[in-house]
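Trainee: Can you look at this prediction? I've put the sequence above it.
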Amino acid sequence: MRHTASMTVLLMVGTRKGLWLARSDDARQRWEFGDPHFFMQEIPACAIDARAGSVRLLVGARSQHWGASVFHSDDGGASWQEPEGGAVKFPAVADTAVGAIWQLRPDTEARPGLVWAGTEPSALWRSDDGGESFALVEGLWDHPHRPTWEPGGGGQAIHTVLPHPEDDKRVLVAMSTGGIYQTSDGGDSWNPSNQGIKAQYLPDPWPAYGQCVHKVARDAVDPDRLFVQNHHGVYRSVDGGGTWTSIADGLPSDFGFPVVAHPARGGTAWLVPLVADAERIPPGGSLAVWRTTDSGDSWSPGSNGLPRSGFYASVLRDACTADDVADQTGLYLGARDGSVYASADEGKSWSEIARHLPDILCLRAASLP
C-alpha cells in the first residue's frame, strides 16, 4: 500500500477500441483523461508494474490486421515498445497462434522482472525481462486435459494468474472453461483445484475440472484464502484452493464476472452481481457493488452515486479493480456501455468519471510518486 505526501493515481482503461490513461491526485475527486492509445485496437489486458522503484505500463493489444501482442512503456505512455516479431508467440511445432492476451500479471515485489501472461487459446506465458519477451509454460500447455477444455462465451482463455506471495513455486491460473489449475513445482506439473465448485451445465455437476470460472482473487493477508466468482456460484477457499464452499448467501444473485480482493485488508472483497447468464444486467437494472468484510459470511451493497434504475450494461471480469492508496482504497468499475465509475472510499460512494467510451474490457489502477 502506498501513501506519500504527493502522488498521482493512474487509471488504465482498456476498451474495445483503444486504451485511455486517466490521472488524479490522491484525493481522486477529479480525473483527467488523455487521448486514446492503440486507437481501434482491442485491449483485453493491461497492467501497472511499479516494482523495483520504476514504473512500467503493460498492454495486451489485438489488432484486426497484426494480431495480438504485448507492448510496454517506461515513460507513462508517451511512447510504447514492442519486440521485433512480437512479444508472445507459439513455437512453430504448436501449430496455433495467440488470439488475444487476456491477462498480464506482474509477480510479487520479491521477484521484480517476472511477469505472467494468460492468452487465448488457454496458455500461460512467463517473462523474466519485465514483459518484453515471453516463453510458453510447456507444463500446462502439454497437460493431458487441454484437448478437452472448451471455450466459454468469450473464448477459451486463461484470464486469471495468481502467483503465491510466499512460495515462488506456486502459481494459480483459471480459465473459461476448464476451471482452476495450480502448480507447486514452478510450472512443470499442474493439478485441477475445483473441488466444491459446481458446473450445473455438465452431466456431472461436480467434475474435477471443466468449470467456467469467471475470476479468482487472493486475500491480502492470508494467501491461502481465495475468492471465486463462477458461472453461477460464489465460493471461498481457506486451504489454498484445495476445497471450495459457497458464500453466495446474502447476495442478490450468484452470477457475475469480477471479484476484487482488498489489497491490504484481510477478509474484504467486492463483487458486481448480474441477474443470470441469460440476463446479464444488474438485478432490477440497479448497479451496485457488493462488499464483504468477513470473508463472505455476509454481504452489503454500495450503490450511492451509481445508476439506480434503467442500467442494462454488464461489467466484465477485469473491468473492476482497486488501487493501492493506503488510507482509503479506491475502487473502479467500467461497463459495457462505456461508462467508468470511481470510488475513493472503498465502494461506499461512487462518481461517474467517464462516459461514452467504447466497451470497457479491463481496468488497472495504482498510486505513483
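Mentor: Ah, there it is.

Trainee: can you pull out the helices in the stretch 51-200 of the chain?
Mentor: 138-141 (DSSP state H, counting those that start in this stretch).

Trainee: where along it do the strands fall?
Mentor: 56-63, 67-73, 100-106, 115-120, 123-127, 135-136, 157-163, 171-176, 179-183, 191-192 (DSSP state E, counting those that start in this stretch).

Trainee: Tell me which of the ones you listed sits most buried.
Mentor: strand 171-176 (a mean of 27; mean count of other Cβ atoms under 10 Å). The C-beta positions use only the backbone N, C-alpha and C, and glycine is treated the same way.

Trainee: Can you tell me which helices and strands that strand packs against?
Mentor: strand 115-120, strand 157-163, strand 179-183, strand 213-218 (3 or more Cβ pairs under 8 Å, 6 or more residues apart in numbering; DSSP states H and E).

Trainee: how about residue 359, what does it touch?
Mentor: 15, 16, 17, 336, 338 (Cβ atoms under 8 Å, 6 or more residues apart in numbering).

Trainee: and with 10 Å instead?
Mentor: 14-17, 42, 313, 316, 319, 334-338 (Cβ atoms under 10 Å, 6 or more residues apart in numbering).

Trainee: what does residue 50 give?
Mentor: 2, 10, 56, 57, 106, 109, 324, 366, 367, 368, 369.

Trainee: Could you measure from it over to residue 271?
Mentor: 26 Å (Cβ to Cβ, to the nearest Å).

Trainee: got it, and residue 100?
Mentor: For residue 100, the distance to residue 271 - Cβ to Cβ - is 25 Å.

Trainee: Check residue 90 too.
Mentor: Residue 90 is 35 Å from residue 271, by Cβ to Cβ.

Trainee: more crowded one of these two?
Mentor: More neighbours surround residue 271 than the other of residue 90 and residue 271, with 30 against 16 (other Cβ atoms under 10 Å).

Trainee: Could you double-check that the more buried one lies in contact with residue 235?
Mentor: No: in this structure, residue 271 is not within contact of residue 235 by Cβ atoms under 10 Å, at 11.5 Å.

Trainee: per-residue pLDDT, the nearest residue to residue 185 once chain neighbours are set aside?
Mentor: With Cβ to Cβ, 6 or more residues apart in numbering as the criterion, residue 185 has its nearest non-adjacent residue at 5.7 Å, and that residue is residue 169. In this prediction, residue 169 carries a pLDDT score of 96.

Trainee: Sounds good, over and out.
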